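Asks: have a look; sequence and predicted model below, questions after that.
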Amino acid sequence: MKILVQQEDFDVSLEIKALSKNPSIGAVASFVGVVREVAMTLEHYPGMTENSIKKIAEEARSRWQVADCTVIHRYGDLQPGDQIVLVAAASAHRGDAFAACEFIMDYLKTRAPFWKKEHAAGGSRWVEAKASDDDAAERWQLRQGSTKP
Amino acid sequence: MKVTVRFFASVKEQLGRELEEIELPAGISTVGGLRAHLRARGGRWAEVLAETRRVTAAVNQDMVKPGAAIRPGDEVAFFPPVTGG
């Protein structure tokens, strides 16, 4: 399991290659979040951020057959088109890999202490949390580790 | 008891404070109690930590509910709902 919170960019292809080395793996599902339209600064809570992502990844591994996973989240100043986050989950089969990847992403959105501040032409503003993100995380409580809805 | 209180993002900006060590009066033993104690400072504190505002708390870097206990030496943090990912 690899959890990194860093300012630097990451190379998705290298990360997926690293996960694929394990011979028991038949599937790697990945998600990349990208900055849309407006430049932003990402603040985080050092220490808590890493620990909360680790807990989320461990929860995913207890629900699905996940051989390994990688989560990299950036902080600091980011421009439109920059990568923000990578979640990659590796498993023997695609169902578990897809589910674990989506679960980690949904939980990260509501549990990991990051805050986005957007810098538009008219000024800077903190991004408001979305209720739809809470709903996305909430629905996993009903699914109880099943890869089927 | 003495605790360390940290603030992040919009809460930090609006309070103009990032970190402080507070000696709590006897009788304050929960996160909600601490928040009310800070709110009682009035002005910006009353506004930013108002009950109607969505402020999340963490104790020793774990998100908690307002009823969560605090102990001497704890690190308590207040911040807005998270927006990462």
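Replies: Structure received.
Asks: switch to C-alpha atoms for all contacts and neighbour counts from now on
Replies: Fine.
Asks: longest helix of the chain?
Replies: Reading this off chain A. Looking across chain A with DSSP state H, the single longest helix is helix A:94-111.
Asks: that answer is for a different chain, and I need it for chain B
Replies: Secondary structure of chain B read by DSSP H shows that its longest helix is helix B:31-39.
Asks: pull out the buried residues from the helix or strand that comes right after it.
Replies: Downstream of helix B:31-39, the first helix or strand assigned by DSSP states H and E is helix B:43-48. If you call a residue buried by 16 or more other C-alpha atoms under 10 Å in any protein chain shown, then helix B:43-48 has these buried ones: B:Trp45, B:Ala46, B:Val48.
Asks: now do the same contact list for the first one.
Replies: Spelled out, that is B:Trp45. Contacts for B:Trp45 (C-alpha atoms under 8 Å, 6 or more residues apart in numbering or on different chains) come out as B:Leu15, B:Leu38, B:Arg39.
Asks: chain center to the longest helix of chain B: distance?
Replies: With C-alpha atoms, centre = their mean, to the nearest Å as the basis, helix B:31-39 stands 7 Å off its chain's centre.
Asks: again with stretch B:30-42
Replies: Per C-alpha atoms, centre = their mean, the centroid offset for stretch B:30-42 relative to its chain is 7 Å.
Asks: may I see the buried residues of it?
Replies: By 16+ other C-alpha under 10 Å, the buried positions in stretch B:30-42 come out as B:Thr30, B:Val31, B:Gly32, B:Gly33, B:Leu34, B:Arg35, B:Ala36, B:His37, B:Leu38, B:Arg39.
Asks: specify which member of those is nearest to A:Glu59.
Replies: For the buried residues of stretch B:30-42, the closest approach to A:Glu59 (C-alpha to C-alpha) belongs to B:Val31, at 26.0 Å.
Asks: that older thread, mind listing residues that contact the longest helix of chain B?
Replies: B:24, B:28, B:45-47, B:49-50, B:57, B:59, B:65-70, B:76.
Asks: kindly recompute the last result at 7 Å.
Replies: B:Ile28, B:Trp45, B:Ala46, B:Leu49, B:Ala50, B:Pro66, B:Gly67, B:Ala68, B:Ala69, B:Ile70 (C-alpha atoms under 7 Å, 6 or more residues apart in numbering or on different chains).
Asks: ditto for stretch B:10-23
Replies: A:126, B:1-8, B:44-45, B:48, B:79-80.
Asks: mind running it again at 10 Å?
Replies: Stretch B:10-23 has contacts (C-alpha atoms under 10 Å, 6 or more residues apart in numbering or on different chains) with A:115-117, A:125-127, B:1-9, B:34, B:38, B:43-45, B:47-49, B:55, B:72-73, B:75-81.
Asks: cool, thanks, signing off.
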